[in-house]
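**Student:** The amino acid sequence is not available; the structure is as follows:
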């Protein structure tokens, strides 16, 4: 039997039968009995998340070739289109998962990514390439859907460990992506990266076909008005935040997107409170267990997103221009920092996942956020030598691994099973918004601290980077405080599996 956590609006447990004819908590059916089946299903659920991470990291070394080939200065849309579509689609696909089955929605997302990879690889022009990237963005919601599905099909004793690995697996990408990307771009051109992503997406699609489907369903109608308002509002806000550095913050386009998007979101909130079967149960989201969890998620991802954006910029600046910082690192030389960080991401999440049920999810969330705050503050004042940056980035990655591993478990504990996917989708949306907003905030800080212009490109002062890293520390510190306020995630007596 499971306990009802304070503040979460838990419904009376229902009984629905899965493939094995047995049941677990809240109606979730454990379709997995053997350890071998568990491992195979876990790999199938984690593989799309690795492909998703590669969709970002493999493209970084290919950006220059793409810009030259298509003769465009809008190459940043290679990333913006994927994030924009994924952020808008996240809550909608999550709701579909609650209504019609999480596996079905994940399979559709993976199939869209397959099509997107082939379209991008064959794209005769830049708009077609962006269309392919937009389809690949439909894989972004699979991150939250994966651990929502795990809750439904895995026995209780495996859920915490499996959910933690949905984050720790990305460390493998951090280690391998620079070498993979460098080889393919240097020897086969930028199109080879899209071909690789297409093949990896095919494997993800086939793997998901073998995963059992959840029997848990939310008995409600789809709120199409809520879908339209939330999608348009989030899309405009993300577009404004993503392009603010290019358009400038005072640009009518930036202000129009941000103000218009926020206005639509306000209308959405008002509409959701009045409709009988809303897209998102705002009463649940506004309760302390859920609200604190998704705020921690947004702030933690924001801190890491901002840090990992400005650190390569600082490292790649030649010391002759940076003065008291900069190493003139090439893209391949950045592996000096990323490989140890990747290892630091893998190990803690794996270890904490093994003991999550004993220590609870709140402890690693708070500890990880605090470690990130200290690591970012350390980097702010000590970044003149490579070893200093290496230490700071590695420690930050370890802290991020702890916090990231805790977030899925906090979401699972705070949410009724029939609203699991949509609540996880809202947490994922906050992660995307938090990361995008944090990156733009540190860009604003750096743009206020331009030391000189070299061929039209700004070179930022060392004090500018100090303030920017302190901002990252601030995001993580607030995440620490909010994490302390999370009323669940504590160790509790071991439940008995059915």
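**Tutor:** Sure thing, it's come through. All figures in this text were calculated on a predicted structure; none of them were measured in a lab.
**Student:** contacts, neighbours, all on C-alpha from now
**Tutor:** Will do.
**Student:** Secondary structure element holding the residue lying farthest from the centre of the chain?
**Tutor:** The centre of the chain is farthest from one residue, residue 320, which by C-alpha atoms, centre = their mean lies 35.9 Å away. Per DSSP states H and E, residue 320 falls inside helix 319-322.
**Student:** Likewise for residue 470?
**Tutor:** Residue 470 belongs to helix 462-484, assigned by DSSP H and E.
**Student:** chain center to that helix: distance?
**Tutor:** Relative to its parent chain, helix 462-484 has a centroid offset of 19 Å by C-alpha atoms, centre = their mean, to the nearest Å.
**Student:** and that helix, average pLDDT?
**Tutor:** Helix 462-484 shows a mean pLDDT of 95.
**Student:** From here on, call the first residue 349.
**Tutor:** Okay, using 349 as the starting number, the last item reads as helix 810-832.
**Student:** who does it touch, helix- and strand-wise?
**Tutor:** Applying 3 or more C-alpha pairs under 8 Å, 6 or more residues apart in numbering; DSSP states H and E, one finds that helix 810-832 makes contact with helix 636-664, helix 710-729, helix 768-795.
**Student:** Please pull up the helix or strand immediately following the last one.
**Tutor:** The reference is to helix 768-795. Helix 768-795 is succeeded, C-terminally, by strand 798-802 (DSSP H and E).
**Student:** who does that next one pair up with?
**Tutor:** Paired neighbours of strand 798-802 in the sheet (DSSP bridges): strand 805-808 (antiparallel).
**Student:** where does the stretch 399-548 of the chain dip in pLDDT?
**Tutor:** 515-523 (pLDDT under 70).
**Student:** ok, residue 383 - how many residues close by?
**Tutor:** Neighbourhood size, residue 383 [other C-alpha atoms under 10 Å]: 10.
**Student:** Phi and psi next, for it.
**Tutor:** phi -60, psi -40 (degrees, to the nearest 10).
**Student:** What residues sit buried inside stretch 454-474?
**Tutor:** Residues of stretch 454-474 classed as buried by neighbour count (16 or more other C-alpha atoms under 10 Å): 454-469, 471, 474.
**Student:** scratch that, stretch 383-394 is what I was asking about
**Tutor:** For stretch 383-394, burial by neighbour count (16+ other C-alpha under 10 Å) applies to 386, 389, 390, 391, 392, 393, 394.
**Student:** got a list of contacts for that stretch?
**Tutor:** 380, 494, 502, 510, 513, 514, 517, 552, 555, 556, 558, 559 (C-alpha atoms under 8 Å, 6 or more residues apart in numbering).
**Student:** contacting residues around the fifth one?
**Tutor:** Same thing as residue 513. Residue 513 touches 394, 697, 698, 701, 753, counting by C-alpha under 8 Å, 6+ apart.
**Student:** Would you format those residues as CSV with pLDDT included?
**Tutor:** Shown next, in CSV, are the contacts of residue 513 (pLDDT from 0 to 100):
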residue, pLDDT
394, 87
697, 77
698, 76
701, 77
753, 86
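**Student:** quick one: which of those is nearest residue 607?
**Tutor:** residue 753 (34.1 Å; C-alpha to C-alpha).
**Student:** on that earlier part again, out of the helices and strands packed on helix 810-832, which one sits most buried?
**Tutor:** Among the helices and strands packed on helix 810-832, helix 710-729 has the highest mean neighbour count (mean count of other C-alpha atoms under 10 Å), at a mean of 25.
**Student:** how far away is the nearest residue in space to residue 438 that is not next to it in sequence from residue 702?
**Tutor:** Nearest non-adjacent residue to residue 438, counting by C-alpha to C-alpha, 6 or more residues apart in numbering: residue 489, 4.7 Å away. According to C-alpha to C-alpha, to the nearest Å, residue 489 and residue 702 sit 25 Å apart.
**Student:** how about the helices of the stretch 399-548 of the chain, start to end?
**Tutor:** 411-418, 425-448, 450-470, 474-484, 490-501, 504-516, 518-536, 539-557 (DSSP state H, counting those that start in this stretch).
**Student:** Relative to residue 597, which of those helices is closest?
**Tutor:** Proximity to residue 597, assessed across the helices of the stretch 399-548 of the chain by C-alpha to C-alpha, is greatest for helix 425-448 (17.1 Å).
**Student:** Which residues are in contact with the nearest residue to residue 642 once chain neighbours are set aside?
**Tutor:** Leaving aside its chain neighbours, residue 642 sits nearest to residue 775 (4.8 Å; criterion: C-alpha to C-alpha, 6+ apart). Contacts here follow C-alpha under 8 Å, 6+ apart; on that basis residue 775 touches 641, 642, 643, 645, 646, 759.
**Student:** Near the last one, how many other residues are there?
**Tutor:** It refers to residue 759. Neighbours of residue 759 (other C-alpha under 10 Å): 28.
**Student:** which ones are touching it?
**Tutor:** 638, 641, 642, 768, 771, 772, 775 are the contacts of residue 759 under C-alpha under 8 Å, 6+ apart.
**Student:** With pLDDT and distance to residue 485 as added columns, please give the residues you listed in TSV.
**Tutor:** Converted to TSV, those look like this (pLDDT from 0 to 100; distance: C-alpha to C-alpha, whole Å):
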residue	pLDDT	distance to residue 485
638	89	26
641	91	24
642	90	21
768	75	21
771	82	20
772	82	17
775	84	17
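**Student:** so which of those comes closest to residue 546?
**Tutor:** residue 772 (26.5 Å).
**Student:** from what I can see the closest one touches residue 496, true?
**Tutor:** Yes: if you go by C-alpha atoms under 8 Å, residue 772 and residue 496 touch, sitting 7.2 Å apart.
**Student:** what sits in contact with each of the two?
**Tutor:** With C-alpha under 8 Å, 6+ apart, residue 772 and residue 496 have no common neighbours.
**Student:** How much space separates residue 577 from residue 778?
**Tutor:** Relative to residue 778, and taking C-alpha to C-alpha, residue 577 is found at 17 Å.
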